[in-house]
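# Sequence plus predicted model, see below.
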Amino acid sequence: MTGVREPQQERSRTTRRRLIEAALDSFGERGWHGVTVAVIAERAGVSRGAAQHHFPTRETLVAAAVDLLGEAQIDELRAQAAGLPSGSSRIERVVEMVLNLYTGPLFRAALQLWAVAATDEALRDVLVPLEARVGREAHRVTVELLSVDESRAGVRELVQATLDLARGLGLANLLTDDTRRRRQIVREWAQTLELRLAGTSEL
């Protein structure tokens, strides 16, 4: 029986993943109000019944999608961390990684949800605790990658400012390719961090 259950469980995980990815793509393209569970199911290539078995409402799909988005961002940071240098060049590389994190279709989909949540109380109640958890994890990993002592005065705020700057640049990149300006900002912000974080490194 175990051998039978495992393929079933794997198919179930695969179906959930397809639905979540389809939801993110759909929200990014159509916005919250243009998407239903049926639309997501069709895009994922599964029946509406199967979709509702896993996710009865859009809100439950959103919760899973935000989780996936957060995991994807953290996984991406960790994957890039293997090649990080030491010293001041490490700071610039980490800043570049974080500032590039908030671009692309996943971030665009998240923005669609945030915009709607500003006036939709039910969606806001779903998103706020999830985003807080994702934000805490992103902050923790950034501290780890910068190898700084967060107990030192001002360090926590500088790390958070880096993440806030990344989100702001992600917004600027929505309508036009902001890559060139972002490179310049990476250099300037990395120099600022290097000066301010001097003496707080754990390397």
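Everything's here; your move. Numbering: from 1, shown residues only.

# Go through the host helix or strand of residue 133 and flag the buried ones.
Assigning secondary structure by DSSP states H and E places residue 133 in helix 121-146. Applying a neighbour-count criterion of 16 or more other CB atoms under 10 Å, one finds 123, 126-127, 130-131, 134, 138-139, 141-143, 145-146 buried in helix 121-146. Bear in mind the C-beta positions are built from the backbone N, C-alpha and C, glycine included.

# Can I get these in JSON lines including distance to residue 35 and pLDDT?
Below are the buried residues of helix 121-146 laid out as JSON lines (distance: CB to CB, whole Å; pLDDT from 0 to 100):
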{"residue": "123", "distance to residue 35": "12", "pLDDT": "80"}
{"residue": "126", "distance to residue 35": "15", "pLDDT": "81"}
{"residue": "127", "distance to residue 35": "15", "pLDDT": "82"}
{"residue": "130", "distance to residue 35": "18", "pLDDT": "82"}
{"residue": "131", "distance to residue 35": "19", "pLDDT": "82"}
{"residue": "134", "distance to residue 35": "21", "pLDDT": "81"}
{"residue": "138", "distance to residue 35": "26", "pLDDT": "86"}
{"residue": "139", "distance to residue 35": "30", "pLDDT": "91"}
{"residue": "141", "distance to residue 35": "30", "pLDDT": "88"}
{"residue": "142", "distance to residue 35": "31", "pLDDT": "90"}
{"residue": "143", "distance to residue 35": "35", "pLDDT": "91"}
{"residue": "145", "distance to residue 35": "34", "pLDDT": "88"}
{"residue": "146", "distance to residue 35": "37", "pLDDT": "88"}
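
# and which of those residues is nearest residue 82?
residue 145 (11.0 Å; CB to CB).

# what packs against the helix or strand that the helix holding residue 133 is followed by?
For helix 121-146, the following helix or strand on the C-terminal side (DSSP H and E) is helix 155-172. Judged by 3 or more CB pairs under 8 Å, 6 or more residues apart in numbering; DSSP states H and E, the packing partners of helix 155-172 are helix 88-101, helix 105-117, helix 121-146, helix 179-196.
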